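Engineer: need a 3D model of the following:
(one chain, ligands or ions: 1)
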Amino acid sequence: MKRDERWEGVYSFEDSPFIMEILTELRDENTGPIAFRKGLVKLGRYMAYEITKTMATEKVLIRTPLEETEGIIVKDRRNVVIITVLRAAIPLMEGLIKVFEHARVGIVSASRGKAPKFEIEMKYVKVPRIKAEDTVIIADPMIATGSTLIKVLGEVKKYGKAKRYVIVGVLAAPEGITRIKEAHPDVEMFVAAIDRELNDKGYILPGLGDAGDRAFGEP
Ligand code: URA
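Structural biologist: Next up, the predicted model:
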């Protein structure tokens, strides 16, 4: 796990060969939707493991069949809310919830509105009540311009103040990270990799294309 010096609380995994192997398959244009979704599920699971390394733990005393011994529990793992940004985040959430199996799950839809404003429209928002001890994990595979996530974070924060807000994604563009951190300095980000830039259509380069279409489009 690498902490990026450009921003506070932004982590990527270019130093993790297994995460990079999954990302390589996701980037490859020859990867079809079945393998693409499986890759997102795997990535969600591994990112969740990485997040547990930053969570509070508690010592517990237990008995093995032979004797008493000390162990630990990852206390904060029990207080997680996962927000799934439709639609590409569905497989990512499936991976996250394998590690955060106690999580309450919220669903939001967000899409770009019509010209000339192109405002983000959120037509469906179902978010559980958020408690002070919660880690809110917002799953969105592609952190491109950041507009969607800025809007989603603003909405989610209406449901209560959490201990932590963590965005989990596959790829991020530097422009998007900067915009999100300006709007929500308290948010952390865990992404497989930080790519070079956005093109003039808002796609991440080199990227992986449209994550929703790759996961749920034509085989
Ligand atoms: N959303 C995607 O699915 N891909 C991008 O490159 C940018 C936004």
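Engineer: in the chain, which helix is the longest?
Structural biologist: helix 33-52 (DSSP state H).
Engineer: contacts for it?
Structural biologist: With Cβ atoms under 8 Å, 6 or more residues apart in numbering as the test, helix 33-52 has contacts from 1, 11, 13, 16, 18-19, 22-23, 25-26, 31, 74, 77, 88, 91-96, 98-100, 135, 137, 139, 141, 166, 168, 170, 190, 192, 211, 214-219. C-beta: built from backbone N, CA, C; applies to glycine.
Engineer: again, 7 Å this time
Structural biologist: Helix 33-52 has contacts (Cβ atoms under 7 Å, 6 or more residues apart in numbering) with 1, 19, 22, 25-26, 74, 77, 91-96, 98-100, 139, 141, 166, 168, 170, 190, 192, 214-217, 219.
Engineer: gap between it and the chain center?
Structural biologist: 10 Å (Cα atoms, centre = their mean, to the nearest Å).
Engineer: before we move on, what about stretch 15-23?
Structural biologist: Offset of stretch 15-23 from its chain centre (Cα atoms, centre = their mean): 16 Å.
Engineer: which ones among the contacts of helix 33-52 are found in helices?
Structural biologist: 19, 22, 25-26, 91-96, 98-99, 214-216.
Engineer: and the next element down the chain from the longest helix of the chain?
Structural biologist: Sequence-wise, the next helix or strand downstream of helix 33-52 (DSSP states H and E) is strand 57-63.
Engineer: quick check: mean pLDDT across that following strand?
Structural biologist: Strand 57-63 comes out with an average pLDDT of 97.
Engineer: then stretch 191-202?
Structural biologist: 96.
Engineer: mind listing what's buried along that stretch?
Structural biologist: Buried residues in stretch 191-202, counted by 16 or more other Cβ atoms under 10 Å: 191-195, 198.
Engineer: appreciated, that's everything.
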